[in-house]
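Participant: Any chance you could fold what I've pasted below:
(chains A and B)
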Number of protein chains: 2
Amino acid sequence: MAGLAFYYGFQKQSPPPVALDAPVALDQPAPARPAGEAMRDRMEAFIKGKQQEIVAAIAAVDGTDFRVDEWQRPGGGGGISCVLQDGNVFEKAGVNISVVYGKLPPQAVTRMRADHKSLKVPESGFLPFYACGLSLVIHPKNPNAPTVHLNYRYFETENEDGTPQSWWFGGGSDLTPSYLFEDDARFFHSQLKAACDKHDASYYPRFKEWCDKYFYIKHRNESRGIGGIFFDDLDDKDPELIFAFVRECLSSFLPTYVPIIERRKDLPFSEKQKEWQQVRRGRYVEFNLVYDRGTSFGLQTPGSRVESILMSLPLTAAWMYQYEPEPETDEAAVVAVLKEPKEWA
Amino acid sequence: MAGLAFYYGFQKQSPPPVALDAPVALDQPAPARPAGEAMRDRMEAFIKGKQQEIVAAIAAVDGTDFRVDEWQRPGGGGGISCVLQDGNVFEKAGVNISVVYGKLPPQAVTRMRADHKSLKVPESGFLPFYACGLSLVIHPKNPNAPTVHLNYRYFETENEDGTPQSWWFGGGSDLTPSYLFEDDARFFHSQLKAACDKHDASYYPRFKEWCDKYFYIKHRNESRGIGGIFFDDLDDKDPELIFAFVRECLSSFLPTYVPIIERRKDLPFSEKQKEWQQVRRGRYVEFNLVYDRGTSFGLQTPGSRVESILMSLPLTAAWMYQYEPEPETDEAAVVAVLKEPKEWA
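Facilitator: Predicted coordinates:
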């Protein structure tokens, strides 16, 4: 996959820097903007606000500040990466926003048209595009506390005169425990289902199944974790309605993950449990490096910020040859669920 | 890449089990067989003998026995995996032989013809093939001692009547130090050059460059290690001559690596050096999971033994966000060589 392998020309200047030191309320509402304002600007403003809110909340749980790096992408765009490493509660937590724009080369346009029949390709063959998104991965230290991943993004193509052409949203969130706490699994999924149901009763079942299919480690015949929701190319409603759905999902993240962390972060654990966590971390690395389309796309994009893409990897991981859990252990219980995804909500 | 994604029918029975407890002399000569005997059988016998010899020598250095697993491949073939984990000297050492046969599907044949114009495709579209090889990866505990990788393999295609059609050899060996000892780098390369030069003066320069190109982590703009040799599709001489070259290379492995290990395994090291080694291990994982064609091919082959493919991964690895060595340190010195491969022999 060449992906966005080449950019020719830039569409606009990089966005202005964002002040990250401004205090943000946890219950901050979605930004109220004039309806006429461009969706790209509204989504960008929304994810910037959410990044600050999430970083503040996770830093408070840990008692450690995030390192904040703002960066420009040579081909157009840039981002802000916030990383907390080797904290009190978290081994590694990365919360990243990025904005990318430029022109898609003909090969990439052809691939994209497979999912978006209505894409009109300019005579030059190069299609102007814009993308922005927030993504986060949080790996806790305690093996009883689950890893979480979340990503929400917006994509837009333009006509050559700069007017908007096609657009879509994508995203989702999923949980990866080393040890299965059924309460956590049910709570995580119920929260996602509640967010989905407010917008479309078909969303949760469709996106839950999509998630199970996407986060699948084929060579291990097991899922990366216990799932959540995943969707892409979502454009079948008024963009206002889908944007409202994405805001709902992103806003449900902290009230879902923080309570789970609070009840698991101080549980006692053994060396053996830490070892099992490290083996599960290895599987996480396998999924991200072998299968994840976002990682692969990022690594193949010239000028992309590799450290922001790979901040999803755990601080430490292990590969122990032929490490098979004994039957009827807690380790075997989580593997059983990874082999056969369950309904949790 | 679908690779050898589907096999239809098996060509022959699996090879008989090999006794691994037989004592093997370190200077064991290449097996003397009647010239008329099939190359596949001679190569298979040769790599089996070499596996025993290498396993015995590495076990002796460590003072720990290898675990030996013999396995059958559901689609045809099988192998023997020998792994030493968490030993005295070695964090993880895997020495694997495998034999695979079946019929290549039309897609895989088309790709293969790009490098082998003379391949005749049977009317059915499915091409009978046979492959065998030895591969090893050894990760020492001491950060001053380098990781080594080696792989030699033989590939053959058949006409539908079972007579041999095309054949070729591939392989190589390369060194991945966390800290650069120029003596080790020069010795490793000189030994490979000496083995090459006995057979063809053009081999070492060609295969050294091929190695530098192959083991390149594109998204990091650095090599995996300090190289060695790498070649594939080698069929431009009498097969006897190439087999003799492959035997020479494989036989030079122990006299090259063991002396390097002996002089590094007991050097004192700091926590900081161990940390740096773990970061380098992370890069090793990145190369193997993102770029290595053998790993990717293996993981995509149904019925392949995943634990034998991924035994190349280190026991432990780390990803530390934005971990940049200070200028003019030993860590920076090794990175400089990874950024710009040197001539060592």
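Participant: what residues does the stretch 201-345 of chain A put near chain B?
Facilitator: By Cβ under 8 Å from any Cβ of the partner chain, the residues of the stretch 201-345 of chain A that approach chain B are A:218-220, A:278, A:282, A:285-286, A:289-290, A:296, A:299-300, A:304, A:306-307, A:310-311, A:313-322. Backbone N, C-alpha and C define where each C-beta goes, glycine included.
Participant: Tell me which entries of those lie within helices.
Facilitator: Those of those mapping onto helices are A:Gln278, A:Gly282, A:Val285, A:Glu286, A:Ser296, A:Leu299, A:Val306, A:Glu307, per DSSP state H.
Participant: Show me which of the residues you listed is closest to A:Asp235.
Facilitator: A:Ser296 (23.2 Å; Cβ to Cβ).
Participant: where's the closest one relative to A:Pro140, distance?
Facilitator: Applying Cβ to Cβ, to the nearest Å, the value for A:Ser296 to A:Pro140 is 26 Å.
Participant: ok, A:Tyr154 - how many residues close by?
Facilitator: The number of residues packed near A:Tyr154 is 25, by other Cβ atoms under 10 Å in any protein chain shown.
Participant: The helix or strand containing it: what's the following helix or strand?
Facilitator: Assessed by DSSP states H and E, A:Tyr154 sits inside strand A:147-158. Note on strand A:147-158: by DSSP H and E, the next helix or strand toward the C-terminus is strand A:164-176.
Participant: Now the helix ranked longest in chain A - C-alpha only, CSV.
Facilitator: Longest helix in chain A, counting residues (DSSP H): helix A:39-62. The C-alpha trace of helix A:39-62 is given here as CSV (Å, rounded to 0.1, in the frame of the first residue of the first chain):
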residue,chain,number,x,y,z
MET,A,39,-17.0,21.1,9.5
ARG,A,40,-13.3,20.7,9.3
ASP,A,41,-12.8,23.7,11.5
ARG,A,42,-15.5,22.6,14.0
MET,A,43,-14.1,19.0,14.2
GLU,A,44,-10.5,20.4,14.6
ALA,A,45,-11.7,22.7,17.4
PHE,A,46,-13.6,19.9,19.1
ILE,A,47,-10.7,17.4,19.1
LYS,A,48,-8.3,20.1,20.4
GLY,A,49,-10.6,20.8,23.3
LYS,A,50,-11.1,17.1,24.0
GLN,A,51,-7.4,16.4,23.9
GLN,A,52,-6.9,19.0,26.7
GLU,A,53,-9.7,17.6,28.7
ILE,A,54,-8.5,14.0,28.5
VAL,A,55,-4.9,14.9,29.1
ALA,A,56,-5.9,16.9,32.2
ALA,A,57,-8.0,14.0,33.6
ILE,A,58,-5.5,11.3,33.0
ALA,A,59,-2.7,13.4,34.4
ALA,A,60,-4.8,13.9,37.5
VAL,A,61,-5.4,10.1,37.9
ASP,A,62,-1.7,9.5,37.6
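Participant: Could you see whether chain B lies near it?
Facilitator: No. With Cβ under 8 Å from any Cβ as the measure, helix A:39-62 is seen stopping short of chain B, the closest distance being 14.3 Å.
Participant: in that helix, what's buried?
Facilitator: By neighbour count with 16 or more other Cβ atoms under 10 Å in any protein chain shown, helix A:39-62 contains the buried residues A:39-40, A:42-59, A:61-62.
Participant: For the stretch 1-150 of chain A, what lies in contact range of chain B?
Facilitator: Neighbours of chain B within the stretch 1-150 of chain A, by Cβ under 8 Å from any Cβ: A:Arg67, A:Asp69, A:Val83, A:Gln85, A:Lys92, A:Gly94.
Participant: what about A:Tyr204, which helix or strand?
Facilitator: A:Tyr204 belongs to helix A:203-214, assigned by DSSP H and E.
Participant: so where do the strands sit in the stretch 201-345 of chain A?
Facilitator: In the stretch 201-345 of chain A, strands defined by DSSP state E, counting those that start in this stretch lie at A:216-217, A:222-223, A:228-234, A:316-318, listed in chain order.
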